[in-house]
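# Following is a predicted model, sequence given first.
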Amino acid sequence: MSQDLRFRFAPSPTGALHIGGARTALYNWLAAHGSGGSLVLRIEDTDRERSTPENVEQILEVLRWLELDWDEGPISQASRAEQHAARLQELLDSGAAYRDPATADDVKAYKREHGADRGYRGTPSDDPGAAVRLRVPDDGDTVVEDTIRGPVAFPNRSQDDFVIARGDGSVLYNFAVAVDDAEMGITDVVRGDDHLSNTPKQLLVLRALGASEPRYAHLPLLHGPDGKKLSKRHGAASVEELRDAGYLPEAVRNYLALLGWGTTDDTTLMSTEELVKRFRIEDVGSASAVFDEQKLRWINGRFMRELPLGEYTARVAAFLDREPDDRLRSGCAIAQEKAQTLAEVWRLIRFLFEPPVDDPKAWRKVMGEGTRELLEAARDALAAADGFEPLDIEAALEPLLEQLEVKPGRLYQPIRVAITGTTVSPGIFESLAALGREESLNRIDDAIRRLSE
RNA sequence: GGCCCCGUCGUCCAAUGGUUAGGACAUCAGGUUUUCAACCUGGGAACGGGAGUUCGAUUCUCCCCGGGGCUACCA
């Protein structure tokens, strides 16, 4: 019975899609999938100056990366200009709308005279080049029955007779949206809270047209860590930045779902299938939320650790644009327990593919007096080891601790710095094994040489 | 300015007309430990303020304060 629910995601291609937009897309997608309904993708490109094909492509790319698909579209709103013009003419003919040459200054003057809380009311004109305004009633309220917020009443007398079409006949956003939602049979509009104030206008258009009204749900906005509206200045504000930082799409979906919504039993980690099953638009909260990358990192790490090694390696390979060969696979095997993002994996296993990095601080810290002798002993023990698996290596190095009377860290850290250049790496036995005996010995020799200078 | 929305730990999400107000991230302490993580244990941490309703308000109402959105011939 809910078979006919139709949701829509309608971004405007005036810039990169940021995480607020991505969350709106996700919520629509979850709601559509959870109800057996469908999702329409509509591109709100009626602003010809700011809308670019590049931005459209970027939005599609982000949705594909997030693995949020749609059933219809993308439909260009601009391509529906004919339908818009026809509906506009209807309103003009019926007198529900009228031409008015008033300028912004005229509107201001009107308010100075009638009060700031009084909506502008114009005078119909014959000027064919004048903008078109919708006639708004003077009495009563226009009530938005919002799924999340309940009924929200907007007094009509405070609402301007707003412009629905430019002088050249091209229509404006609030008109186009109302017409399109109606003509596309949209039953559920789920969008950002910044549109709540636009909704009475769209309702007024719908009613003037005698069209059916969708159900509305306005999502609380996302804010940056400073409490201000989320913008580019807040670091990873765009989804592309999230992708480039090495986050998994399924982790991003999980995190985004939790930004404004939660389960009653406090479940935090959820597969997308589970999200579809549990998410309900009416359970979304009404307070704005702050994007917190720390929690995303944690969730991402949890998802990464659960990936089978083959899949893990494939993801890392794709991220690094490398072949998922044995070396990468062995690197992934030793990094998986430690990395929280795909980008971090490289930091941990880079030494397998490149010479040790130069980290003076690391040298100063662990390559002090007496280190050379330790490394020489380690080198000899490793050269003599029966095999070169982690267990063999441990068996070869462990006895040195007692022989040389040193603590584990005193021996292992210099080895770590010798083979990786830094003090941070996966487990030392695993790291040596992954590097291989020959290269490990070479690097330790290099370090010994350097210490002898 | 006008219209509208929002207000539970630092952050996200819960619960409730009567509870020690719960979980997660973060944080702090301890444990584990070859580094860093991970992991385990424990701790600190919230109902913006003021009235009212009520036997009793975090919960209901009003006011204030604070934050936000809209207020374009942008979307």
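That came through, no problem. Residues are numbered from 1 along each chain as shown, chains lettered A, B, ... in the order given.

# any low-confidence regions in the stretch 1-150 of chain A?
A:1-3 (pLDDT under 70).

# how does it look with 80?
Within the stretch 1-150 of chain A, the segments meeting pLDDT under 80 span A:1-3, A:47-50.

# Doesn't A:L382 belong to a helix?
Yes - under DSSP: H, G, I helix; E, B strand; the rest coil, A:L382 falls within a helix.

# Do I have it right that it meets A:L400?
No - contact between A:L382 and A:L400 fails when scored by CB atoms under 8 Å: they sit 10.1 Å apart. Any C-beta I mention is one placed from the backbone N, CA and C, and that applies to glycine too.

# is RNA strand B contacted by stretch A:134-150?
Yes - using CB under 7 Å from any atom of the strand, stretch A:134-150 reaches RNA strand B at A:149-150.

# mind saving the C-alpha coords of that stretch as CSV?
Extracted in CSV, the C-alpha atoms of stretch A:134-150 (Å, rounded to 0.1, in the frame of the first residue of the first chain):
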residue,chain,number,x,y,z
LEU,A,134,1.1,35.3,-6.5
ARG,A,135,-1.9,36.7,-4.7
VAL,A,136,-1.7,35.9,-1.1
PRO,A,137,-4.8,36.0,1.1
ASP,A,138,-5.0,38.6,3.8
ASP,A,139,-6.6,36.4,6.4
GLY,A,140,-5.9,33.1,8.0
ASP,A,141,-2.8,31.0,8.2
THR,A,142,-1.1,28.7,5.8
VAL,A,143,-0.3,25.6,7.8
VAL,A,144,2.5,23.2,7.0
GLU,A,145,1.8,19.8,8.5
ASP,A,146,5.4,18.8,9.0
THR,A,147,6.1,15.2,9.8
ILE,A,148,9.0,16.2,12.0
ARG,A,149,7.8,19.4,13.6
GLY,A,150,4.0,19.0,13.6
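
# Buried ones in it, by neighbour count?
A:134-136, A:141-142, A:144, A:146-149 (16 or more other CB atoms under 10 Å).

# got the CA positions of stretch A:179-189 in CSV?
The C-alpha trace of stretch A:179-189 is given here as CSV (Å, rounded to 0.1, in the frame of the first residue of the first chain):
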residue,chain,number,x,y,z
VAL,A,179,4.8,22.6,-10.0
ASP,A,180,7.4,19.9,-10.4
ASP,A,181,6.5,18.2,-7.1
ALA,A,182,2.9,18.1,-8.2
GLU,A,183,3.4,17.0,-11.8
MET,A,184,5.9,14.4,-10.8
GLY,A,185,3.5,12.9,-8.3
ILE,A,186,5.8,13.4,-5.4
THR,A,187,4.1,12.3,-2.2
ASP,A,188,6.9,13.0,0.3
VAL,A,189,9.2,16.0,0.4
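
# Give me the contact list for it.
Outside of stretch A:179-189, the residues within contact range by CB atoms under 8 Å, 6 or more residues apart in numbering are A:4-8, A:31, A:37, A:40, A:42, A:72, A:75, A:77, A:80, A:83-84, A:87, A:171, A:202, A:205-206, A:209, A:211-212, A:214-217, A:281.

# Cheers, nothing more for now.
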